[in-house]
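Enquirer: sequence first, predicted coordinates after that:
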Amino acid sequence: MAIDPSVSLGKNASEYLRESRSRLESVRLYVQSHNANTQRQYVNRYNSRAREKHFQVGDLVLARYNVPSELQAALSPDSVSSRTFSRCPFTTQLCY
């Protein structure tokens, strides 16, 4: 497709480019600010509904570890069970 030299934007190419960059910078700053505000809202909403977790020495907890399959064989089979969910291996252990 050839560019028709008779069509003009009313300004030369360098002015057009400068204005376009200025507009893009304004949009970038707006989007950056909007994303930061939205992230703060997500954090505030999550934190307002989250419950604190309190543990004491002696409590039973279920620990979850991402263990490569090569290392799973080396772990003690008595205390560790291994399962795969959605092709994501993990190991669970009841910790005392």
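Expert: Alright, I've got the coordinates. Numbering: from 1, shown residues only.
Enquirer: tell me the secondary structure for V57?
Expert: Three-state call for V57 (DSSP: H, G, I helix; E, B strand; the rest coil): coil.
Enquirer: ramachandran angles for it?
Expert: For V57, the backbone dihedrals (degrees, to the nearest 10) come out as phi -60, psi 130.
Enquirer: show the pLDDT at it.
Expert: V57 carries a pLDDT value of 86.
Enquirer: tell me the mean pLDDT over the strand or helix carrying N44?
Expert: Following DSSP states H and E, one finds N44 within helix 13-49. Mean pLDDT, computed over helix 13-49, is 94.
Enquirer: following the chain onward from that helix, which element is next?
Expert: As assigned by DSSP H and E, the chain's next helix or strand after helix 13-49 is strand 61-65.
Enquirer: other SSEs contacting that following strand?
Expert: Judged by 3 or more CB pairs under 8 Å, 6 or more residues apart in numbering; DSSP states H and E, strand 61-65 is in contact with strand 88-95. Bear in mind the C-beta positions are built from the backbone N, C-alpha and C, glycine included.
Enquirer: as a whole number, average confidence for the strand it packs on?
Expert: Strand 88-95 comes out at a mean pLDDT of 50.
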